[in-house]
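**Student:** Here you go, sequence then predicted model.
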Amino acid sequence: MAIKQRSKSLRSRENDLSDGGYQLTVLNNADLIDDQFVRFSDKITNYGHSVLKPTAVEIFQINIGKLCNQSCGHCHVDAGPDQTEANMSRETLETCLEIIERHDIRTVDITGGAPELNPNFRWFVQECARQGRKVMNRCNLTIIVANKKYNDLPEFFAENSVQVISSLPYFSKRRTDSQRGDGVFEDSIRALKMLNKVGYGKEGSGLVLDLVYNPTGTFLPSSQCQLEAEFKRQLDRKFGITFNSLYAITNLPISRFLEYLIESEQYSDYMETLVDAFNPATIDGLMCRNTLSVSWDGYIYDCDFNQMLDLKVASKSTHISNFDIDALASRDIVVNQHCYGCTAGAGSSCGGELV
Ligand code: SF4
Ligand code: SF4
């Protein structure tokens, strides 16, 4: 059973899995834990990490809303066209800007949903760029061609030196459309050509276009280096498209991908794959160690995945309204069974492989 695009979010369908607490109940199923799967916290303790500590706060990853023009089957954010309420307000964005400026956080990683659908998106990007920050935007590509008013996004990104990071599950229509929706592949190709046209992904332009690959089933990504070479070869040969780097990301067993695992009766097999592939060498590079993740309503998490499970930081500073960098820098990172997704094989993070 392949991962299929969903017509609605878990939240709209009133699915139990829209609740982070319920997802954690599934992940901590007493019939499987201990007998079959060692607890993640015990696993890392065996490798000398009784607690995971941050190394620094280098990246501020902000989810500015769950609204999206797509409704992908594997979406760990549970984003979609029906997520209209989960949008970061101007006031919350202003607080984020103050924090970034006050603490000299060098990299702002903007994500969603489709972040461009937030009415304050362009203003926020310009303010971050004005502060001299490196701005990364996780763009789903199709938003660029979804409506005339987004057609100039490539020029806007270029003017603000935004690093564009875009999902493309595969270089074929069949595998991309089944996961992300009919027509997504063709629209993505059109958008990539528009980005190339303004210099993105072109040598010497300084405009960085990275792609994100995630498996279209219950397997781990193969070698990032080999995938990147294959994507480059195929996209260039078939469409004349170029890009900088490819990040290979593992699907974590949460949200809509967890729904798919349960529906297809592959949950325990997939967990077994992740647990068996545990690689202690990934621990040093885990993204939770140098990143803070902020939700659309201003709460702070160790990472995007903990955000979706509503596992707030273990700190007195759980919201941007009481942001305390010292308290956050000394926190213990909250881990759970889904963390096996980050430590399997070559590891996985928002920047791809870890080792
Ligand atoms: S484009 Fe991204 S955010 Fe939107 S539904 Fe797909 S995976 Fe989720
Ligand atoms: S899910 Fe990954 S990034 Fe998040 S806390 Fe666990 S190991 Fe860290």
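**Tutor:** Perfect, I can see it now. Residues are numbered from 1 along each chain as shown. Ligands and ions are numbered 1, 2, ... in the order given.
**Student:** Looking at the nearest residue in space to A277 that is not next to it in sequence now. What's its pLDDT?
**Tutor:** Nearest residue to A277, sequence neighbours excluded (C-beta to C-beta, 6 or more residues apart in numbering): A344, at 3.9 Å. Bear in mind the C-beta positions are built from the backbone N, C-alpha and C, glycine included. Reading off the confidence values, A344 has pLDDT 97.
**Student:** Equivalent analysis for Q36, please.
**Tutor:** Listed pLDDT for Q36 reads 76.
**Student:** which ones are touching E58?
**Tutor:** Counting by C-beta atoms under 8 Å, 6 or more residues apart in numbering, E58 touches 105-107, 290-291.
**Student:** Try it again at 6 Å.
**Tutor:** N290 (C-beta atoms under 6 Å, 6 or more residues apart in numbering).
**Student:** re earlier: list phi and psi for the residue nearest to A277.
**Tutor:** phi -80, psi 140 (degrees, to the nearest 10).
**Student:** Can you pull up the residues of the stretch 201-350 of the chain that come close to ligand 2?
**Tutor:** Those residues of the stretch 201-350 of the chain that sit near ligand 2, judged by C-beta under 6 Å from any ligand atom, are 286-288, 302-303, 305-306, 333, 335, 338-339, 342.
**Student:** Just to be sure, which of the residues you listed are found in helices?
**Tutor:** 305-306, 342 (DSSP state H).
**Student:** need the contact list for the residue nearest to A277.
**Tutor:** 220, 250, 274, 277.
**Student:** ok, which pair from these is furthest apart?
**Tutor:** T250 and A277 (9.1 Å; C-beta to C-beta).
**Student:** In terms of neighbours, single out the busier of those two.
**Tutor:** Neighbours were counted for T250 and for A277 using other C-beta atoms under 10 Å; T250 has more, 25 against 17.
**Student:** what separates that one from F305, distance-wise?
**Tutor:** Counting by C-beta to C-beta, to the nearest Å, the gap from T250 to F305 is 11 Å.
**Student:** Also R102?
**Tutor:** 27 Å.
**Student:** quick one, which of those two is more surrounded?
**Tutor:** Using other C-beta under 10 Å, the more surrounded residue of R102 and F305 is F305, with 24 against 10.
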